[in-house]
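# can you look at this prediction? I've put the sequence above it.
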Amino acid sequence: MQAHRDEKNQRHAPPTRSLGLEQALQTDPVCEMQVPTDGALRFDFAGTTYFFCTRSCLARFQRDPLAFAGRGRIYRAMGVQDAS
């Protein structure tokens with residue numbers, strides 16, 4: 001797993017794993033980094049919980065969730081036929 005840079009070009013280290021313990025990981029929809037679900041920042045949108053590595057990734061998602069969550073998934077969650 002490698003570090004990533006956010007929109008302010010700040011470097012973030014990848015999350016660490018405890019030796020011998022498996023952690024559930026989810027992909028941050030903004031930077032696509034794998035983040036452990038325990039203790040991670042999270043946000044519920046259109047029936048799905050999204051996990052984030054930093055507050056800046058969470059803030060970017062909150063400003064424009066459709067850019068990161070995918071329009072088709074949102075339409076299906078709302079029970080609407082995809083317009084595309």
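Structure received. Numbering: from 1, shown residues only.

# tell me which element Arg60 falls in.
helix 55-63 (DSSP states H and E).

# pull out the buried residues from that helix.
56-58, 60-61 (16 or more other Cβ atoms under 10 Å). Heads up, the C-betas are built off the backbone N, CA and C, glycines and all.

# again with stretch 23-37
26, 28-31, 33, 35-36.

# what's the closest non-adjacent residue to Pro29?
Phe68 (4.2 Å; Cβ to Cβ, 6 or more residues apart in numbering).

# isn't there a helix covering the one you found?
Yes: per DSSP: H, G, I helix; E, B strand; the rest coil, Phe68 lies within a helix segment.

# for it, give me its contacts.
For Phe68, the residues meeting the contact criterion (Cβ atoms under 8 Å, 6 or more residues apart in numbering) are 29-30, 50, 60-61.

# any idea how far it is from Asp38?
22 Å (Cβ to Cβ, to the nearest Å).

# still on that earlier bit, could I get the buried residues of stretch 23-37 as TSV with distance to Phe43?
Formatted as TSV, these follow (distance: Cβ to Cβ, whole Å):
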residue	distance to Phe43
Gln26	12
Asp28	11
Pro29	10
Val30	11
Cys31	14
Met33	15
Val35	12
Pro36	16
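
# among those residues, which lie within strands?
Judged by DSSP state E, those include 26, 35-36 as members of strands.

# columns pLDDT on top of those, output as a markdown table?
Converted to a markdown table, those look like this (pLDDT from 0 to 100):
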| residue | pLDDT |
| --- | --- |
| Gln26 | 92 |
| Val35 | 93 |
| Pro36 | 92 |
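
# pLDDT value on Arg63, please?
Arg63 is assigned 93 on the pLDDT scale.

# cool, and Thr48?
At Thr48, the model reports a pLDDT of 89.

# could you report the neighbour count for it?
Other residues within reach of Thr48, judged by other Cβ atoms under 10 Å, total 14.

# for Tyr50, same thing?
Neighbours of Tyr50 (other Cβ under 10 Å): 23.

# next: the one 4 residues further on.
Applying the criterion other Cβ under 10 Å, we find 20 residues in the vicinity of Thr54.
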